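Visitor: missing the sequence, but the structure's below:
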């Protein structure tokens, strides 16, 4: 789509192989419907149903699906697909899947922090969902276990303490990786800051507790340590606004990719003109 071309340059060299895999999965043997329609050149319109509003994030994937089927896609209000009828229909279902919109759930008016997704993506579709976050105006957060060190309760319990877990992580992660530590209380947050964590995830804290803990520790460590506060856990569209407080730097939630309402599209082959 115009205006989003630069995001496509972020995609890894392997992304087109993933598209080939989707096509192979959808048609593992005979294409009976393709036999029926044959190879007459047709034109199909990609249409949005209803009055839903969204940001279209899947255009590179849709274009590549049809390119691998020797079809052309022209993007305008939505899109027109041109090619042999059976190839247009071969790409239809997969293309509609990846045309879904990514809705930016940015709280209005006053939140100055960062809204981020999570690593809880659909298996096999992380690249697509992370790409959708970017186009929709959402920070994609870490892409995998290797892109940032995140220490959760299981890591801490297994190591014996927050400090021990952070020290061990720093030994192998070096200076270049950010260290995000999940804590359950102000005391645990204080220990994580003292041990040198870059990001403190105040897990499942809400309301007055979240505000008070963040304010207290920022005041205590002012001028001594640099760190960010992150809130996560049990965030829904309903309570997103109340969790987005300016004492917090990062609000991370899977709502932005797991619970987004899919936009309904259809691909209609146009009847030949008389």
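Guide: Arrived safely, thanks for sending. Note that the structure is predicted; figures quoted are calculated from it, not measured.
Visitor: Low-confidence regions, this protein specifically.
Guide: Along the chain, segments meeting pLDDT under 70 span 1-5, 50-54, 96-110, 237, 255-264, 274.
Visitor: so what strands line up beside the lengthiest strand in it?
Guide: Longest strand in the chain by number of residues (criterion: DSSP state E): strand 41-48. Using DSSP bridges, strand 41-48 pairs in its sheet with strand 79-84 (antiparallel), strand 265-269 (antiparallel).
Visitor: Need the residues that contact that strand.
Guide: Taking contacts as Cβ atoms under 8 Å, 6 or more residues apart in numbering, the residues outside strand 41-48 that touch it are 62, 78-85, 88, 92, 95, 99, 263-270. C-betas here are computed from N, CA, C, even on glycine.
Visitor: Leaving aside the residues adjacent along the chain, what's closest to residue 16?
Guide: residue 64 (5.8 Å; Cβ to Cβ, 6 or more residues apart in numbering).
Visitor: isn't residue 207 right next to residue 242, touching?
Guide: Yes: Residue 207 lies in contact with residue 242 (Cβ atoms under 8 Å); the separation is 7.2 Å.
Visitor: Okay, and the most centrally placed residue in the chain sits in which element?
Guide: Against the mean C-alpha coordinate of the chain, by Cα atoms, centre = their mean, the closest residue is residue 130 at 3.2 Å. Element membership for residue 130, per DSSP states H and E: helix 126-135.
Visitor: and that helix, what other elements does it pack with?
Guide: Applying 3 or more Cβ pairs under 8 Å, 6 or more residues apart in numbering; DSSP states H and E, one finds that helix 126-135 makes contact with helix 5-8, helix 59-67, strand 101-102, helix 255-258.
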